[in-house]
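Undergrad: generate coordinates for the sequence data below:
(one chain, ligands or ions: 1)
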Amino acid sequence: MTEVVPVTNVRMSRAEVTTLLGMILSAGHRISVGREAVAAWGAALTGYSLGECLAALVIHTQHSNHPPLAHDLIVHIRAARRKTLDAQVLAASAAKVDPAEAANAAEAHMSKIRAAMGWKRPDAHISALSVACPVPECLAAAGTPCRRTGARRKGRPDTVDLHKGVHASRTERAEQCQAERRADTLPHKEIPA
Ligand SMILES: [Zn+2]
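TA: Sure, this is the predicted structure:
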């Protein structure tokens, strides 16, 4: 039997809260995003994981057309924990959402959130993973962490950052792609109402 996960004071990272807000937007809900919104959602959802919040969002969206409040997500998370069937609830939710499709949909909204937040650069980890690694000894595909190889670049070791899990060259390439996308003058897709 699964134990009910105790509420802790652990908070989601800024990147995780941003992912959640991106998913809420891609579910078709209109919510405000910005520095205050990310801080408020992060604080309100203290003790709950991104996985739980996304599963709760799926349940909320199946039952309501109204934009979810943090409280709505918490109600679903608590119900899921009480049922002590967390694994089954998450599995059922995951089955209805194609992870790749969901990630693409969320990413489409990320740039808007980043702009609203006034972030000069996107989260390097997420950004670097969005492109394939250019290091010949590695060539990790997009979405896959780098292989730990001792490559060299411009005479210096091109090491895999232990925290980010990517080669330095890959981060640079991702930033380059990001800059090119920003320079792109095509209008952004509208957020569905
Ligand atoms: Zn690599």
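
Undergrad: enumerate the residues of the protein near the ion.
TA: 133, 135, 138, 140, 146, 167 (CB under 5 Å from the ion). Heads up, the C-betas are built off the backbone N, CA and C, glycines and all.

Undergrad: buried members of those residues into PyMOL, please.
TA: In PyMOL, a selection of the buried entries from the residues of the chain next to the ion looks like this (16 or more other CB atoms under 10 Å):
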select buried, resi 133+135+138+140+146+167
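
Undergrad: now the residues of the chain next to the ion as CSV including secondary structure and pLDDT?
TA: Below are the residues of the chain next to the ion laid out as CSV (DSSP: H, G, I helix; E, B strand; the rest coil; pLDDT from 0 to 100):
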residue, secondary structure, pLDDT
133, coil, 87
135, coil, 87
138, coil, 85
140, coil, 83
146, coil, 82
167, strand, 86
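
Undergrad: how about the strands of the protein, start to end?
TA: Counting by DSSP state E, one finds strands in the chain at the ranges 151-153, 156-158.

Undergrad: what's the mean pLDDT across the first one?
TA: Averaging pLDDT along strand 151-153 yields 63.

Undergrad: got the domain ranges for this structure?
TA: 14-117, 124-183 (automatic domain parsing).

Undergrad: least reliable of those going by mean pLDDT?
TA: Of all these, mean pLDDT reaches its minimum on domain 124-183 (a mean of 75).

Undergrad: buried residues in stretch 70-88, which are they?
TA: 70, 72, 73, 74, 76, 77, 80, 81, 86.

Undergrad: do the same with stretch 160-179
TA: Neighbour-count burial for stretch 160-179, with 16+ other CB under 10 Å as criterion, is recorded at 160, 164-171, 173-175, 178.

Undergrad: return the member of those residues nearest to the ion.
TA: Comparing those against the ion with CB to the ion places residue 167 closest, at 3.6 Å.

Undergrad: for the closest one, what are its contacts?
TA: 133, 134, 135, 138, 146, 151, 158, 159, 160, 161 (CB atoms under 8 Å, 6 or more residues apart in numbering).

Undergrad: report the beta-bridge partners for it.
TA: residue 160 (DSSP bridges).

Undergrad: relative to residue 130, how far out is it?
TA: From residue 167 across to residue 130, the span is 14 Å (CB to CB, to the nearest Å).

Undergrad: many thanks, I have nothing further to ask.
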